[in-house]
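> My questions concern the predicted model and sequence given below.
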Amino acid sequence: MSEPTRPEPPPESGPDAIAGASRLSPVQQAWSDYVGHSLRCGTCRSIDGGKCGTADMLYGAYQEQGANAYGRLAEEAP
């Protein structure tokens with residue numbers, strides 16, 4: 001019997017299942033978007049799936065948010 005080693009996550013699980021009253025920082029939200037996509041995307045989940053343009057874009061957005069946050073911290077530092 002061949003069972004999948006990484007079953008599909010249920011739709012209600014994952015980063016989007018956080019309580020409505022809480023908010024993520026822009027960096028956290030960008031990372032959540034990237035991870036959420038990579039868990040749901042067949043290309044990202046496949047070992048032999050190749051490059052996923054959406055994942056590349058989301059990871060780039062995460063890096064940009066991190067750089068922006070670091071820049072703001074550097075400007076505010078004495």
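In hand now; what should we look at?
> hey, which helix is longest across this structure?
When the chain is parsed with DSSP state H, its longest helix is helix 53-76.
> Quick check: which helices or strands does that helix pack against?
Contacts defined by 3 or more C-beta pairs under 8 Å, 6 or more residues apart in numbering; DSSP states H and E place helix 53-76 against helix 26-40. Glycine gets a C-beta too; all of them are placed from N, C-alpha and C.
> what is the mean pLDDT for the helix it packs on?
Taken as a whole, helix 26-40 has a mean pLDDT of 94.
> Then stretch 57-73?
Rounded mean pLDDT across stretch 57-73 is 94.
> What are the contacting residues of that stretch?
Residues from elsewhere that reach stretch 57-73 (C-beta atoms under 8 Å, 6 or more residues apart in numbering): 25, 26, 27, 29, 30, 31, 33, 34, 37.
> now do 7 Å
26, 27, 30, 31, 33, 34, 37 (C-beta atoms under 7 Å, 6 or more residues apart in numbering).
> ok, and for that stretch, which residues are buried?
Residues of stretch 57-73 classed as buried under the neighbour-count rule (16 or more other C-beta atoms under 10 Å) are 58, 59, 61, 62, 65.
> go on, stretch 34-50?
Judged by neighbour count using 16+ other C-beta under 10 Å, the buried positions of stretch 34-50 are 34, 35, 37, 38, 44.
> Would you enumerate the residues in contact with residue 50?
Contacts of residue 50 (C-beta under 7 Å, 6+ apart): residue 43.
> For it, grab phi and psi.
phi 80, psi -170 (degrees, to the nearest 10).
> hmm, back to that, could you dump the buried residues of stretch 57-73 into TSV with distance to residue 77 added?
Below are those laid out as TSV (distance: C-beta to C-beta, whole Å):
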residue	distance to residue 77
58	29
59	27
61	25
62	23
65	19
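> separation between the closest residue to residue 29 other than its chain neighbours and residue 76?
Leaving aside its sequence neighbours, residue 29 sits nearest to residue 65 (C-beta to C-beta, 6 or more residues apart in numbering; 7.8 Å). Using C-beta to C-beta, to the nearest Å, residue 65 is found at 17 Å from residue 76.
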